[in-house]
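In: fold the following.
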Amino acid sequence: MNISQMQAEDESIELLKKENADLKRKVSQIEKRYREDVLYAREKSMYSVDEWCYRNSVSKFVFYRLQKEGRGPRLTSIKGTRRQFITADDDKEWLMTNSNFDRDKNFDNHQKPIDISDHQLTS
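Out: Coordinates of the predicted model:
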């Protein structure tokens, strides 16, 4: 084996090591997401605001806007804490009464539409 063949082999080995490390990292990320999904999928008696938003694919911005408008799920506080939770029953009730909830129409994007009729176009 000559020197150029040895260098090519070393480069191939380094490339395979990098690919292996990338694959291990990706597997680790997938396993982490799976563990998180399993935890969230478990039926709980109460959900934090973050958990409820994750389960229902609603941003916190939309959640608090719904709460402000009186259209959000009922919040429950535990004595001695400042945290608020949504019980599983309140979650189910909200889902039943809001089965046609459309995230796109309910300000999931944080920007208000611009009314161009108020603006004059100049060229």
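
In: contacts and neighbour counts: CA atoms only from here.
Out: Noted.

In: now the residue most central in space within the chain, what's its secondary structure?
Out: Taking Cα atoms, centre = their mean, the centroid of the chain lies closest to residue 54, which sits 5.3 Å from it. State at residue 54, reduced to three classes by DSSP: H, G, I helix; E, B strand; the rest coil: helix.

In: ok, now how distant is it from residue 47?
Out: Applying Cα to Cα, to the nearest Å, the value for residue 54 to residue 47 is 10 Å.

In: same question for residue 82.
Out: Counting by Cα to Cα - residue 82 and residue 47 are separated by 14 Å.

In: okay, the two: which has more neighbours?
Out: Higher neighbour count among residue 82 and residue 47: residue 47, with 20 against 8, using other Cα atoms under 10 Å.

In: secondary structure element for the spatially closest residue to residue 76 that is not a sequence neighbour?
Out: Nearest non-adjacent residue to residue 76, counting by Cα to Cα, 6 or more residues apart in numbering: residue 85, 5.1 Å away. Following DSSP states H and E, one finds residue 85 within strand 84-87.
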